[in-house]
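Visitor: Here is the input, now give the coordinates:
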Amino acid sequence: MTRGKFIVFEGGEGAGKSVLIERLKSELPDIVYTQDPGGTPLGLHVRNFLMSDKSAYIDARAELLLFLAARTELIAKVIAPALASGKHVISNRFSLSSIAYQVYGRERPELLSFVQDITKVIHGDCIPDATILLDVTPEVGIERVRSRTEEATRFDNEDIAFHARVREGFKKHAGEYGKPFVIDSDKPLEEVWTNVLATVQSVI
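Guide: You can find the predicted model right below:
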């Protein structure tokens, strides 16, 4: 059986990942959709903890390890079985986010080689075929976040300098996990949506 394609959406806060993936679910319903962290009971528990103020004072290394643990479970329980059965998978975030947020955002460059090495072990054969980076400038992204009705996460509330470092990390390492497609997410939603749909269709 032919292995399915694995596509990852990445980008800073307010880039539009969740909105665009919801549209994809209607347009391409046979794809397996998931999020990182999330997608498994462990992943959801980790997500709820790390996105809340309960984890505000967690050590940067502990934060990273929790993300890695949730990702390991997600690969084992959701992504690997789906790909092996021939299904395509789209994930809202994946390993590139750990580099962008925990290495660049947290200003911990000494963790970069560790993340890159452990990611090879965690991924196994589940290497993304494509990474779609929705590149949003921090000012635009945070303005969108502030206009939402839902409660802001701990990461939403970081300062502009943090989000600028995260963007730098995304752009510097976008090609490490599958073929990179960088889409300007500052543009109007309909224009971004047209580019996203065409990109996903070209991969699958």
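Visitor: How about the secondary structure of residue 182?
Guide: State at residue 182, reduced to three classes by DSSP: H, G, I helix; E, B strand; the rest coil: strand.
Visitor: spatially speaking, which residue is in the middle of the chain?
Guide: residue 93 (1.3 Å; CA atoms, centre = their mean).
Visitor: Which residue comes closest to that residue once chain neighbours are left out?
Guide: Of all residues not flanking residue 93 in the chain, residue 36 sits nearest, at 4.5 Å (CB to CB, 6 or more residues apart in numbering). All C-beta atoms are positioned from the backbone trio N, CA, C, and that covers glycine.
Visitor: For the one you found, give me phi and psi.
Guide: Main-chain torsions, residue 36, degrees, to the nearest 10: phi -130, psi 120.
Visitor: How much space separates it from residue 183?
Guide: Per CB to CB, to the nearest Å, residue 36 is found 19 Å from residue 183.
Visitor: swap in residue 142?
Guide: Taken as CB to CB, the span from residue 142 to residue 183 is 19 Å.
Visitor: Out of those two, name the residue with the larger neighbour count.
Guide: residue 183 (24 against 21; other CB atoms under 10 Å).
Visitor: That one touches residue 136, doesn't it?
Guide: No - using CB atoms under 8 Å, residue 183 makes no contact with residue 136, being 9.7 Å away.
Visitor: Now do the same contact list for residue 189.
Guide: Residues in contact with residue 189 (CB atoms under 8 Å, 6 or more residues apart in numbering) are 16, 19.
Visitor: List the buried residues of stretch 142-162.
Guide: 142, 144-145, 154-156, 158, 162 (16 or more other CB atoms under 10 Å).
Visitor: For the helix or strand bottoming out on mean pLDDT in the chain, which outside residues touch it?
Guide: One helix or strand of the chain scores below all others by mean pLDDT, DSSP states H and E: helix 138-146, with a mean of 91. Residues outside helix 138-146 that contact it (CB under 8 Å, 6+ apart): 12-16, 136, 152, 156, 160, 163-164, 166-167, 185-186.
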